[in-house]
Structures are given as C-alpha cells and as structure tokens.
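[1] need a 3D model of the following:
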Amino acid sequence: MNSIDNLKATLAKKGGVAFANRFQVFFTPPTATLSALASKDVGSLLGSLVSGGSIKNLIPDPRDISILCESVTLPGRNINTLDYQAEKQAIKIPYGIINEDVVMSFILTNDYAMKKMFDDWMESVFNVEEYRAGYKKDFTTDVVIHQLNQKNVPVYGVVLQNAFPTTVAGITLDSNSENTIQKLNVTFSYENYVPENAISSALSGLSAAAGIFG
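    Numbering: from 1, shown residues only. Next up, the predicted model:
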C-alpha cells in the first residue's frame, strides 16, 4: 500500500527528487564558426565595444554559453515500427529510431553575442550568398547536457553527437515590453545521442568546457 512514509523513504533512498532548474549545457562552437568570429572586420569590432562588449568576448567562452542557457530539453527517442500480421493478431516490428530535436533558450546580453555566434554558425551550415551547404565536419560539434543534483554534481547526462543548429527563432521587438529580457530560441539536430552515467557525464562536461582552450 502506498503512503506518504513509503514515498519519503523511497525519495530518501534515491537521493531526493530531480529539479528542472538544476542543469548545465556545454559545447564549443565548431572551427568554422570560431574562424568567422575571429576574422570580424573593424566595424564589427567597434560595434561590439559600443554595445557594451569587449574584443575578447567575440570568441565565445563555453562557460558563458552554459550560464546564458536558460532552458534546454533532454532529447527523447521514438522507435519506428511496422505492423506485421501474425497468426492471430498484428504485432509491431521495430525497424529504426527517430531522435527528437533539442531546443535551447538563451538570454541575450547587450552585445548580442549569442545571436552573432549562431548567425555565423548558421552561415557555416549553409552559405546563403553562395547558396551552398558547408562540409559537415566544419559545422558540427558535440553538445553535453547535464542534470545536476542540489550539490551541482551531474547525476545524468547525454552527449549530442555532431550537433548543429537547424532553426534560430526570430526575436520580437516590442515598445510595450519595457522590462522584458530578450531571449533566443535555437533548435539543434544531431546524428545520435548517447546517455552517460554520473562519472562519464562529468568528464564529458569538463572536456567540452575546456575544448576552446585546448
């Protein structure tokens, strides 16, 4: 029989409940994106300074990206099936999988650093002026997502392998929204996701966070 005491005992045995606001995201933008950011012309550099940023902030820090990520979805997975008529009834036969896209929401700062980074990233995926897709190795990167406990220790994680943005949502400007913080929603696609345990997930996060400096 279920009871409050049994529920409390189970939660205590499992380390408590997981909280939606305890998470972190780590990734290093791919080489092509970093190259585009590093080769900005003088006008872009001055614009960054005028808007409140600094030259060093043109190269995104994975730790800043993690802090500015306000929300993210842990990916789901669907199994594709075919109906097979057995002797008495139809049964489902699995034949493949579909991984759900991952949506992230980022807080925008006054230098619009996240927007500029994803603009350059999208340009490396598909060059609009030349109407040509880039090479996959140049625009994909691994993304690490952690669920944290109350001590900020990863308890579960996934690695999105060869991820890249497929949708950068529009940003609404509204004269009636005086105290509204601007946010940027980005949808990622990827080849596959790999679940990780607490130890391997923590190591993946450290590797992703240090990737830009390696």
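[2] for the rest of this, base every contact and every neighbour count on C-alpha atoms.
    Fine.
[3] all strands for the chain, in order.
    For the chain, the strands defined by DSSP state E occupy 23-26, 69-72, 77-85, 90-99, 102-107, 126-127, 132-133, 141-148, 154-168, 183-189, 192-196.
[4] which of those sits most buried?
    Comparing the strands of the chain by mean neighbour count (mean count of other C-alpha atoms under 10 Å), strand 23-26 comes out on top with a mean of 25.
[5] list of residues touching it?
    For strand 23-26, the surrounding residues in contact (C-alpha atoms under 8 Å, 6 or more residues apart in numbering) are 62-63, 65-67, 69, 143-148, 205, 208-209.
[6] hmm, back to that, let's have the strands of the chain in JSON lines, adding distance to N6 and mean pLDDT.
    Formatted as JSON lines, these follow (distance: least, C-alpha to C-alpha, whole Å; pLDDT from 0 to 100):
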{"stretch": "strand 23-26", "distance to N6": "28", "mean pLDDT": "95"}
{"stretch": "strand 69-72", "distance to N6": "32", "mean pLDDT": "97"}
{"stretch": "strand 77-85", "distance to N6": "32", "mean pLDDT": "93"}
{"stretch": "strand 90-99", "distance to N6": "36", "mean pLDDT": "92"}
{"stretch": "strand 102-107", "distance to N6": "35", "mean pLDDT": "98"}
{"stretch": "strand 126-127", "distance to N6": "55", "mean pLDDT": "94"}
{"stretch": "strand 132-133", "distance to N6": "57", "mean pLDDT": "94"}
{"stretch": "strand 141-148", "distance to N6": "25", "mean pLDDT": "95"}
{"stretch": "strand 154-168", "distance to N6": "23", "mean pLDDT": "96"}
{"stretch": "strand 183-189", "distance to N6": "40", "mean pLDDT": "98"}
{"stretch": "strand 192-196", "distance to N6": "29", "mean pLDDT": "93"}
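[7] put together JSON lines for those strands, with distance to A12 on each row.
    Compiled in JSON lines, the strands of the chain are given as follows (distance: least, C-alpha to C-alpha, whole Å):
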{"stretch": "strand 23-26", "distance to A12": "21"}
{"stretch": "strand 69-72", "distance to A12": "27"}
{"stretch": "strand 77-85", "distance to A12": "30"}
{"stretch": "strand 90-99", "distance to A12": "33"}
{"stretch": "strand 102-107", "distance to A12": "31"}
{"stretch": "strand 126-127", "distance to A12": "50"}
{"stretch": "strand 132-133", "distance to A12": "52"}
{"stretch": "strand 141-148", "distance to A12": "17"}
{"stretch": "strand 154-168", "distance to A12": "15"}
{"stretch": "strand 183-189", "distance to A12": "36"}
{"stretch": "strand 192-196", "distance to A12": "23"}
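[8] K115: which of these is closest?
    Nearest to K115 among the strands of the chain is strand 183-189 (7.2 Å), distances taken as C-alpha to C-alpha.
[9] check which helices and strands the closest one is in contact with.
    On a contact count with 3 or more C-alpha pairs under 8 Å, 6 or more residues apart in numbering; DSSP states H and E, strand 183-189 meets strand 102-107, strand 154-168.
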